[in-house]
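Sharing a model prediction with you, sequence too.
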Amino acid sequence: MKLKMAFVMDPVGTINIEKDTTFVLMLEAQARGHEVWYLELKDLFVKENEAFGNATRISLERSESFYKLGETKTLPLDSFDAIWMRKDPPVNQDFLYATYILSLLDEKKTKVLNNPTGIRESNEKLYSLFFPEVIPQSIVTKNISQLEEFLIEAGGEIVVKPLDGYGGEGIFYVCEGDRNANVILESITKFGTEYVIGQKFIEKVSEGDKRIIILNGEPLGAVLRVPKPGGEFRSNFHSGGSPAQSDLTERDLEICEAIGPRLRKDGLYFVGIDVIGGYVTEINTTSPTGVQEINTLNGVKLETRVIEFAEELCGA
């Protein structure tokens, strides 16, 4: 059975087809004969309690002119078999409102990947707190004194992050005795007015940050994101990290087994987790990436399994 799939995403012309995961998901859906439609957040709306979208047919190929837009139609969103919520962070008000619109859909008729309620409940910095056995020593607070106490408790080195950050932005390393430590804590909490997460610094971050792609609670593959030389501790690709081949270890499998049931329960089908030194530091549920890097380094094609799963979910 051929499906009608819509992808809610950033403007298609802005993506990097050599790295973008949404691109290969759309390409694979198209190759399997499914209808592929494209929407941005601004295209979603509600009229008389029904969710609609100004959806555009799109065809894709791996070339310099990689997409061609077709007709645009105003369609009820429940006319689609599957809707992929692939808008990149930031998770701002517009993003959240879009998830509310998508929540109006009957999941028995239209599958939304990932589940919009699940996305709202899974802040990428806080969701890991549901799994204390696999995360580093952590604190969430806006109180600067509590952060200073945690710095000592955690051995004198921590990393602090804004709860709405993404792509490695706004992350600071804080060391006990650093003259700038208090300035950093004041800055990141905006003088004690905004919550942040603090985590014990993991020395093995110098070896890289492993991104593991999880499909329906099961690991698909992994890529090591290696930080730039010269003391940089952030490994995100957005922060200049480079990909390196990485296998799934026994510890990685233990982590996936620990978090998999909750992911399935929350309808978080396609997820990327970040693992440093055997600890989960973030769980990415909005628009996880890394598929193309894993494909290139391992000679695989993960998007095939992802689209096959969507087909099964939709009963195709």
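Good, I have the coordinates.

Every contact and neighbour count from this point should use C-alpha atoms.
Fine.

And the strands in the stretch 1-150 of the chain?
Ranges of strands within the stretch 1-150 of the chain are 4-8, 35-39, 44-47, 50-60, 67-76, 82-85, 111-113, 138-141, based on DSSP state E, counting those that start in this stretch.

So which of the ones you listed is nearest E149?
strand 138-141 (10.4 Å; Cα to Cα).

report the longest helix in this structure, please.
helix 250-265 (DSSP state H).

can you give me the helices in the stretch 101-250 of the chain?
For the stretch 101-250 of the chain, applying DSSP state H, counting those that start in this stretch gives helices covering 116-120, 144-153, 181-188, 250-265.

Would you format these as CSV with mean pLDDT and distance to S128 included?
Formatted as CSV, these follow (pLDDT from 0 to 100; distance: least, Cα to Cα, whole Å):
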stretch, mean pLDDT, distance to S128
helix 116-120, 97, 13
helix 144-153, 97, 18
helix 181-188, 95, 20
helix 250-265, 98, 9
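
And the chain, split by domain according to the record?
Using automatic domain parsing, the domain parsing of the chain gives 4-115+305-313, 137-201, 204-284.

shouldn't T193 be in contact with I144?
No. In this structure, T193 is not within contact of I144 by Cα atoms under 8 Å, at 9.6 Å.

quick one, which of the two is more surrounded?
I144 (19 against 13; other Cα atoms under 10 Å).

could you point out where this structure is predicted with low confidence?
229-240 (pLDDT under 70).

let's go with 90 and repeat that
Low-confidence segments of the chain (pLDDT under 90): 1, 164-170, 204-208, 226-242, 316.

circling back: how about the domains of the chain in TSV, adding distance to V291?
Shown next, in TSV, are these (distance: least, Cα to Cα, whole Å):
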stretch	distance to V291
domain 4-115+305-313	6
domain 137-201	16
domain 204-284	7
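
Just name the most buried of these.
domain 204-284 (a mean of 20; mean count of other Cα atoms under 10 Å).

gap between that domain and the chain center?
Centroid separation for domain 204-284 versus its chain: 11 Å, with Cα atoms, centre = their mean, to the nearest Å.

Could you do stretch 177-185 as well?
The answer for stretch 177-185 is 30 Å, by Cα atoms, centre = their mean.

Contacts for it, please.
I144, L147, F172, V174, C175, F191 (Cα atoms under 8 Å, 6 or more residues apart in numbering).

how much space between the fifth one and I184?
Taking Cα to Cα, to the nearest Å as the criterion, C175 is separated from I184 by 10 Å.

One more: the last one?
F191 sits 10 Å away from I184, taking Cα to Cα as the criterion.

With the first one instead?
In this structure, I144 and I184 are 10 Å apart, going by Cα to Cα.
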